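In: Prediction below, plus the sequence it came from.
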Amino acid sequence: MAALKYWVWLASLPGLTNRSRLQLLAHFSSPEDVYYADAEEALQAGLSREQAERLADRSMGRCEAILADCAKKELFVLTMDDAAYPARLRNIYDPPVLLYGRGAMPLFDEEAAIAVVGTRRATPYGIHTAEELGYQMAREGALIVSGLAKGIDAAAHRGALRAGGFTAAVLGCGVDVAYPEENRRLYDDIAATGVLLSEYPPGSEPEGWHFPARNRIISGLSVAALVVEAPARSGALITANAALDQGRDVFAVPGPIDAPGSWGCNQLIRSGAGLVSCAWDILGEYAYRFPHRLHRSGETLPDLPAGETAEAVPGEVRPAKEPEVLPVLTSEQFRGLTDDQISILRLLRADCPLLTDEVAEQTEIPVRRVLSALTVLEIDGYARQSGARRFVPTVRLPEEE
């Protein structure tokens, strides 16, 4: 906590840009050294005189209030020095000095994370396509990253949640602020089953300039960016450009040539972006990198129950088809299982993928042992991943017959 307060002090110090903070970190060995540096030393890091003089503000009241707020609201803080800070994000030109989060932080570097972005003023075609592709990619093992904005972002998150997958939302406000209000239910679902991230401290209201800045984080966390629907002037194109600058692949969904909302996507395809008509058009490019994550299923988004709208769908798992009848372990196979493996197989359900943390909580087995048991079960072919960090069984125990 002692070191963390210096990170929060630096990140919340008024008058500095994220880039100037990175310059200070590159020049000094730690935020604590920055804290004790004087203006003349800061000038050597490349700051302007005005920025350097900002370091004279050594008040800890602001950062102590932020940390207290995080503790009260059960938010986590991730600095660039933390092992859980994604290397793929750290290696972009302008990575955030720290991230505030709510939910469960995945190991992004081990995930086939796909950014899905598009216009807020989406057409029914765009909404359906984003939700369909979000669903398909999550079912096939990808982690969906977007910005929780209305329109395409919200649809992609919904699709991932309906698939029982993991989704990450990068916000242009504090992670404790549900914005826009119409996505409150979706915000709560992601907080419960995925992760909400922001470089802005708790309580930060959405500002117009926050959103273009957060787009670099959406693409930076991902291996590729998919643009579903975007007019000529669209924040989604900012994300696409950020992705290209970061060396990420860019994909786009084609649209009618006379549709204003498809102009950006069609131009991206014309410029070399990959054309997407199904999830595997993207994921097939990364199957060799994530062989234990990605698997082609061909499943499509199931119809909603009668009378239910897409906006009303909670983040619950709905099977796309009738659950298959799983084979039963033989007595010899059963005797080869450990107590941990038996407890986990007894808990897992084919129609409801569970996170490793959920398995640990419900079985009361330490997470380290849960991870070890699940790894062996995967190797033996008794369980598999269905979405990022979620598991389903591929067999039944003899007593379940």
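Out: Yep, it's here. The shown structure was predicted, so the numbers you read here are calculated from the model rather than taken from an experiment.
In: For Ile282, list the residues it contacts.
Out: Counting by CB atoms under 8 Å, 6 or more residues apart in numbering, Ile282 touches Ile114, Met137, Ala142, Ala224, Leu226, Phe251, Gly274, Val276. Placement of C-beta: from N, CA and C, glycine included.
In: Need the pLDDT of it.
Out: The score at Ile282 is 95. That number is its pLDDT.
In: Please, which helix or strand holds it?
Out: Assessed by DSSP states H and E, Ile282 sits inside helix 280-283.
In: Okay, and which of the contacts of Ile282 map to helices?
Out: Met137 (DSSP state H).
In: hmm, which two among the contacts of Ile282 are most spread apart?
Out: Put simply, by CB to CB the two of the contacts of Ile282 set farthest apart are Ala142 and Gly274, 14.7 Å from each other.
In: quick one, which of these two is more surrounded?
Out: Between Ala142 and Gly274, counted using other CB atoms under 10 Å, Ala142 has the larger neighbour count: 33 against 15.
In: Could you report the separation of that one from Gln136?
Out: 9 Å (CB to CB, to the nearest Å).
In: So which bits of stretch 24-34 are buried?
Out: Neighbour counts over stretch 24-34 (16 or more other CB atoms under 10 Å) mark Leu24, Leu25, His27, Phe28, Pro31, Glu32, Val34 as buried.
In: Could you do stretch 110-118 as well?
Out: Buried residues in stretch 110-118, counted by 16+ other CB under 10 Å: Glu111, Ala112, Ala113, Ile114, Ala115, Val116, Val117, Gly118.
In: Is it possible to get CSV of the residues you listed that adds distance to Gly235 and pLDDT?
Out: What follows is the buried residues of stretch 110-118, written out as CSV (distance: CB to CB, whole Å; pLDDT from 0 to 100):
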residue, distance to Gly235, pLDDT
Glu111, 24, 95
Ala112, 24, 96
Ala113, 19, 97
Ile114, 18, 97
Ala115, 12, 97
Val116, 13, 97
Val117, 8, 96
Gly118, 9, 94
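In: Sitting in strands, which of the residues you listed do you find?
Out: Judged by DSSP state E, the buried residues of stretch 110-118 include Ala113, Ile114, Ala115, Val116, Val117 as members of strands.
In: wait, the third one sits on Ile217?
Out: No. The criterion here is CB atoms under 8 Å, and Ala115 misses it with Ile217 at 9.6 Å.
In: Go through the contacts of Ile282 and flag which are in strands.
Out: Per DSSP E, the subset of those in strands is Ile114, Ala224, Leu226, Phe251, Gly274.
In: Return the member of those nearest to Leu47.
Out: The closest of these to Leu47 turns out to be Ala224 (CB to CB; 35.1 Å).
In: Kindly state the beta-bridge partners for the closest one.
Out: With DSSP bridges as the criterion, Ala224 is bridged to Ile114, Asp249.
In: Contact partners for it?
Out: If you count contacts by CB under 8 Å, 6+ apart, Ala224 has them with Ile114, Ala115, Ala243, Arg248, Asp249, Val250, Phe251, Ile282, Glu285, Tyr286.
In: Glu140 now?
Out: For Glu140, the contact set (CB under 8 Å, 6+ apart) comprises Ala279, Trp280, Leu283, Leu294, His295, Arg296, Ser297, Glu299.
In: from the residues you listed, which is closest to Glu74?
Out: Nearest member of the contacts of Glu140 to Glu74, counting by CB to CB, is Leu294, at 32.0 Å.
In: what's the burial count for the closest one?
Out: The burial count assigned to Leu294 is 23, neighbours taken as other CB under 10 Å.
In: Equivalent analysis for Glu74, please.
Out: Residues near Glu74, counting by other CB under 10 Å, number 10.
In: Name the SS class of the closest residue to it other than its chain neighbours, please.
Out: Nearest non-adjacent residue to Glu74, counting by CB to CB, 6 or more residues apart in numbering: Arg102, 7.3 Å away. For Arg102, the assignment made with DSSP: H, G, I helix; E, B strand; the rest coil gives strand.
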